[in-house]
Structures are given as structure tokens and as C-alpha cells.
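Enquirer: build me a model from this:
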Amino acid sequence: MANLNKTRTALAVTSPRTIEKIIPEIGLLIDRHAGQKWSGNSKLQSDYCKDLYASEFYKGRKLPKDLAFAARDRITRAPKALGFVDLTPIISLTPAGESLLSGKRVHERITKQLLKFQLPSPYHTSKTNAFFVRPYLELLRLIKDLNGLSKTEMALFFLQLTHINKYEQVADAVRAYRVKAQGKTISHKIFVHAYFEEVVKEIYAAEIAGGKTKIRESKDASLKKFITTKHRNMLDFADAFQRYLRATSLVTHAKGTYRLIIAPSKLDEVEFILANTEREPVRFSNTKQFKAYLFSSTNLPLLVDDEALLLAKLAQRGHSIRTGTMPLEALKDLLETTESELLEKRKEEVKSELKDFQQFEAILSVFDQIKKKEVPDPALFLEWNVWRALVMLNYAVATKGNFVMDPDNAMPVYAAPGKLPDIEVDYGDFGMIVEVTMSSGQKQYDMEGEPVARHFGRAREAKEDMYCLFIAPSISEGTLAHYFNLNKMNTRHYGGKTRIVPLTVAQFVDFLSLARKHGFNDPHKVKHWLNGACEFNQDCEDEVAWQKHIASSMKTWAA
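Expert: Prediction:
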């Protein structure tokens with residue numbers, strides 16, 4: 001149970017960073033431990049953590065030192081806080097959780113539970129009246145009223161919306177910030193940094209005045225360290241809010257600015273939510289009453305729960321259906337199918353726009369923005385932009401990105417699930433999977449070492465002549481050595497010797513530039529270069545020599 005007494009900003013659910021990851025994690029918890037005691041049961045929590053790290057869907061194979069704590073971090077955050085599981089008195093799946101695990105209309109289920117998240121609640125207690133808000137509902141309102149919000153604006157201002165009576169004050173603060181930003185005479189980075197310093201000092205004025213500036217797990221009690229830490233934490237919370245809200249499919253990122261905006265095709269649904277969802281948090285006399293509200297899968301209606309409005313939405317998409325002729329759930333299924341078809345159609349339109357290097361400069365610009373971390377989710381945008389680049393190369397039978405994209409702005413929503421490679425490219429007589437990551441150092445090896453090889457082995461089952469391109473801002477020594485050795489060894493689990501070729505993002509950009517320069521039109525040049533890198537791997541003295549060969553051979557791959 002979280003105590004809000006020392007909390008000064010709105011709280012976001014932060015673990016896991018991507019909400020869709022909780023679906024298999026909840027399934028694993030229920031399959032292995034339903035009906036058992038969770039609270040205080042460190043052995044069960046440790047066992048669950050081991051199960052999680054051994055699962056196919058989880059990235060990362062280095063077990064944490066405190067297994068029980070790591071398990072609690074995964075389960076008592078999003079799964080419990082959003083009402084998908086009940087942990088007391090025993091572990092059980094709630095009606096909301098059952099609906100989530102069904103796999104149908106996941107965005108609808110996430111939307112309802114996020115809208116029910118409130119501060120305070122029996123899960124988030126406070127002795128004061130400082131908190132009185134449904135943060136995700138008010139964030140949605142603010143995005144609509146202000147024609148979008150940037151991550152910086154969320155961190156600076158939205159997090160201060162701890163009570164609904166602060167709404168207009170926060171909205172006005174965003175407007176004032178935008179006016180000042182337009183008239184600034186210093187660099188944007190310096191301007192934003194100064195603004196954060198000013199806002200942190202205002203939010204934590206009592207702590208600063210009382211000399212309470214020591215940060216947990218740090219001996220540095222200086223004001224500078226305090227402000228820097230709070231600045232970083234505020235950005236982390238803003239990132240968490242936008243990631244979770246994106247999973248509702250109600251919002252998307254504006255092209256160019258990456259400001260979070262209402263998805264044009266979902267405007268009617270957002271307007272319905274804002275008009276029909278009570279702004280005030282619900283007051284509960286006891287925890288049992290709260291759980292009944294939170295765990296329900298049918299309360300808090302959305303537009304798609306109203307038959308007349310749902311039929312109108314279907315009519316907009318070409319389906320004329322008379323009232324009372326189909327069950328509501330069947331109508332919802334039809335809408336979901338229709339929207340999936342629209343998304344696939346949009347993807348095909350995007351592919352046409354990308355082919356033959358029409359978007360070359362735009363793609364390079366996004367790579368530069370990713371490097372500078374000017375995009376809202378660098379890892380997701382790297383996956384999306386590499387897919388765009390490979391579509392741009394053309395001459396593949398199919399180039400499939402396993403991330404989810406919104407149909408309005410063709411922007412990525414969330415990354416490929418853990419069981420699938422990030423990107424799959426079919427060149428006819430050979431294939432290539434592509435794995436991308438923003439991680440580096442030991443973390444890169446821990447997260448990407450085994451999963452990439454496993455994805456390669458599984459892809460090879462479908463097409464024997466298979467390769468894997470691994471792309472990251474930098475290739476860690478551990479990752480390089482791991483792939484170097486896997487390529488040399490026969491491993492039955494991976495279908496024999498792997499064929500994994502690592503490239504930095506900068507090298508991949510050069511790879512694209514060479515393709516454009518030489519008028520790439522023969523996919524067998526890709527195969528020849530990949531195969532050459534793998535063959536050199538077999539006889540060279542070590543991974544450093546192999547890496548140098550990859551770099552040098554790439555310079556002439558498309559000639």
C-alpha cells in the first residue's frame with residue numbers, strides 16, 4: 001500500500017514500462033501460483049521471479065539479487081494497482097484480468113482500468129486532502145483541451161495536477177510556458193533546464209526550506225543533486241504516463257513534434273469519455289467496496305458499450321447494421337476487425353510512400369533524433385524507423401514490423417511482443433530477421449544475448465536460409481563475443497550455427513546511404529554481404545577482427 005503523505009506530484013504506474021508486458025506475466029502468475037498466499041511469502045515471490053526470467057517472453061536472463069523484491073515490483077505495480085489481479089487473501093484473477101487475458105480488445109480493457117485509477121484510494125492512502133484526482137482521465141482531458149502535450153510539458157505541469165481543482169491552473173501554466181518558449185533568446189535545452197529548476201524549487205519548497213534535500217541511496221545532500229534527481233524522476237513519470245496512455249489507442253504522436261495528441265479517429269470516443277466519466281475519485285467506505293469497483297470488467301462505460309453510438313461508428317467504417325440484430329460483443333468484435341483491416345491498409349500506404357528512397361532524408365533525420373533522445377520512446381522509435389528503412393530498400397517479398405502502429409499518423413504505439421523478432425524480411429529464397437535495442441554494456445548482453453538467438457532459431461524453422469541483423473547504438477563487448485561464438489558453434493536449440501551480424505546504428509545508416517548511392521535493386525547483394533560476414537566469422541582469430549571485417553566489407557556491399 002502506497003503512502004501519499006510525502007508525495008508532491010501525480011503518481012504514474014511505472015512497472016513494467018510497457019503495459020502490454022503484464023499480459024503474459026499475469027498469465028504466468030495465475031498458471032503457477034493461483035490460490036496461494038502472496039503477501040509476506042518471499043519464497044513464492046522468488047519462485048515466480050525465477051519462472052518469469054525463464055519464460056520465453058521475458059527479455060533479460062540475469063537474475064536480480066533480491067528475487068522477491070523483483071517479483072513484487074512486477075506484480076504489485078500495474079497488475080495490482082490497475083485491478084487485474086487480487087493478491088489478498090490469496091492470488092486470484094479478477095474479472096478485469098480475465099477480460100485482459102482473453103486477448104480481445106486489449107486497448108478497451110486497459111482504457112477502463114486506467115480511467116478507474118485514482119488518488120487517493122485504499123491502495124494509495126493519504127492523511128491530507130492534497131490528492132483528489134483520476135490522473136489518466138485528467139491527462140486525456142488536458143491533451144484534448146491544449147491540442148496535445150509534449151513529454152516535457154507533462155513533466156513540468158501535468159504532474160502538478162494532484163487535485164482536480166488545479167486543472168485550470170495547470171492548463172494556464174502550459175499556455176504560459178509555450179508563449180515563453182516561442183520568445184526565448186537562449187537555446188531550447190538551457191531554457192527547459194532552467195524551467196525545470198524553477199518548477200522543482202516551487203514544488204519542493206517546504207523540503208528545501210527545511211534542509212531535507214538528501215536523496216535516498218546517495219550521500220550527496222546538495223540542492224543541485226536534489227534538483228537534478230527530481231528533474232529526472234519527473235521525466236520518468238511523464239514517460240510512464242504517456243506510454244500507458246498510448247496503449248489505450250486513444251492518443252498518438254504528432255508527426256515532427258512528437259507531441260501526444262488525440263488520435264483523430266478516436267476523437268468521438270475521447271469526447272464520450274470526458275462527458276460521461278465522473279471527474280471526482282470515488283469514495284469508498286472499505287477495501288471490499290473498492291475492490292468490487294476496481295475489479296469489475298463491465299463498469300465505467302465507453303462509447304463502444306453504447307449500442308447506438310457503436311452502430312454509428314461502424315456505419316462510418318462502411319457497416320450498416322440495424323439496431324438489435326447483433327449482440328453487443330459481436331458488434332465490438334466487428335469494429336476491432338474493421339480497425340485492424342484499416343491499419344493493414346494504412347501500413348501498405350506507408351510502404352508505398354517509403355519505397356525507392358522517397359523518405360530517405362526524413363528517415364535519417366529520425367535516426368538523428370533517436371541518437372539525441374528527442375523522440376518520446378527511443379527504443380520503440382528505433383524499431384519503427386529501422387522497419388521504415390528496410391521497406392525503403394524495396395525488393396523484398398515482404399517486410400513485416402511486429403510493433404503496433406496507429407492508423408492515423410502511422411506512428412508506433414508499442415514494440416514487438418517478446419516472443420517475436422522485431423522485424424521479419426522475406427527475400428524469397430532467403431530471409432532475415434532484425435533485432436534492435438537501445439541498451440548498451442552488460443545490460444545489452446543480459447537482455448539481448450539469448451532472446452535474439454532464440455528468435456533466429458525459430459525463424460530458421462520456417463526458412464532454412466536465414467540471417468539475423470542486430471542493430472544498436474553501440475555493440476557491447478559481451479554481446480559481440482556472444483554472437484561471435486554462437487555463430488561458430490552448433491547449437492541444436494538454435495537450429496545449428498547461428499548467423500547473427502551486429503551493426504551499430506551509424507553503420508546501418510551508412511548501409512542505407514550506400515544502397516541509395518549504388519541504386520540497390522538486387523536483394524542477393526544483401527545475402528552475399530551477410531553470408532560473407534558469417535563465413536569470415538568461422539576462421540578469424542577473434543571477435544575484434546570479425547567486427548573490423550564487418551565494418552570494412554560493408555563499405556562495398558551494394559557496389
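Enquirer: now the strands for the stretch 1-150 of the chain?
Expert: With strands called from DSSP state E, counting those that start in this stretch, the stretch 1-150 of the chain shows them at 2-3, 85-86, 92-93, 124-125.
Enquirer: pLDDT averaged over the last one - what is it?
Expert: Here strand 124-125 scores 86 as its mean pLDDT.
Enquirer: show the average pLDDT along stretch 521-533.
Expert: Here the average pLDDT along stretch 521-533 is 95.
Enquirer: pipe the strands of the stretch 1-150 of the chain into JSON lines and attach mean neighbour count per row.
Expert: Every residue, glycine included, has its C-beta placed from N, CA and C. Output for these, formatted as JSON lines (neighbours: other Cβ atoms under 10 Å):
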{"stretch": "strand 2-3", "mean neighbour count": "13"}
{"stretch": "strand 85-86", "mean neighbour count": "22"}
{"stretch": "strand 92-93", "mean neighbour count": "18"}
{"stretch": "strand 124-125", "mean neighbour count": "16"}
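Enquirer: adding distance to N41, write the ones you listed out as JSON lines.
Expert: What follows is the strands of the stretch 1-150 of the chain, written out as JSON lines (distance: least, Cβ to Cβ, whole Å):
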{"stretch": "strand 2-3", "distance to N41": "20"}
{"stretch": "strand 85-86", "distance to N41": "14"}
{"stretch": "strand 92-93", "distance to N41": "14"}
{"stretch": "strand 124-125", "distance to N41": "23"}
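Enquirer: least confident of the ones you listed, on average?
Expert: strand 2-3 (a mean of 78).
Enquirer: what lines up beside it in the sheet?
Expert: Strand 2-3 pairs in its sheet with strand 124-125 (parallel), by DSSP bridges.
Enquirer: hmm, who's touching the partner strand?
Expert: 1-4, 11, 118, 131 (Cβ atoms under 8 Å, 6 or more residues apart in numbering).
Enquirer: which residues touch the nearest residue to S126 once chain neighbours are set aside?
Expert: Excluding its sequence neighbours, the residue lying closest to S126 (Cβ to Cβ, 6 or more residues apart in numbering) is L4, at 3.9 Å. If a contact means Cβ under 8 Å, 6+ apart, then L4 has 11, 119-120, 124-126, 130-131 as its contacts.
Enquirer: so how do I select the buried members of the residues you listed in ChimeraX?
Expert: Command for ChimeraX, covering only those of the contacts of L4 found buried under the criterion 16 or more other Cβ atoms under 10 Å:
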select :11,119,120,124,126,131
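Enquirer: before we move on, the earlier item: make JSON lines from the contacts of strand 124-125 and add distance to M466 to it.
Expert: Listed next are those as JSON lines, based on distance: Cβ to Cβ, whole Å:
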{"residue": "M1", "distance to M466": "50"}
{"residue": "A2", "distance to M466": "47"}
{"residue": "N3", "distance to M466": "52"}
{"residue": "L4", "distance to M466": "52"}
{"residue": "L11", "distance to M466": "45"}
{"residue": "Q118", "distance to M466": "49"}
{"residue": "F131", "distance to M466": "53"}
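Enquirer: for G449, find the nearest of the strands of the stretch 1-150 of the chain.
Expert: strand 85-86 (30.4 Å; Cβ to Cβ).
Enquirer: show the end-to-end separation of stretch 201-211, please.
Expert: Distance across stretch 201-211, first residue to last, is 12 Å (Cα to Cα, to the nearest Å).
Enquirer: list the buried ones in that stretch?
Expert: Using 16+ other Cβ under 10 Å as the test for burial, stretch 201-211 gives 203-204, 208.
Enquirer: and what of stretch 356-374?
Expert: 357, 359-360, 363, 366-367, 369-370.
Enquirer: need the contacts of L4 in JSON lines (columns: distance to N537).
Expert: Shown next, in JSON lines, are the contacts of L4 (distance: Cβ to Cβ, whole Å):
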{"residue": "L11", "distance to N537": "49"}
{"residue": "L119", "distance to N537": "54"}
{"residue": "P120", "distance to N537": "58"}
{"residue": "H124", "distance to N537": "53"}
{"residue": "T125", "distance to N537": "58"}
{"residue": "S126", "distance to N537": "59"}
{"residue": "A130", "distance to N537": "60"}
{"residue": "F131", "distance to N537": "57"}
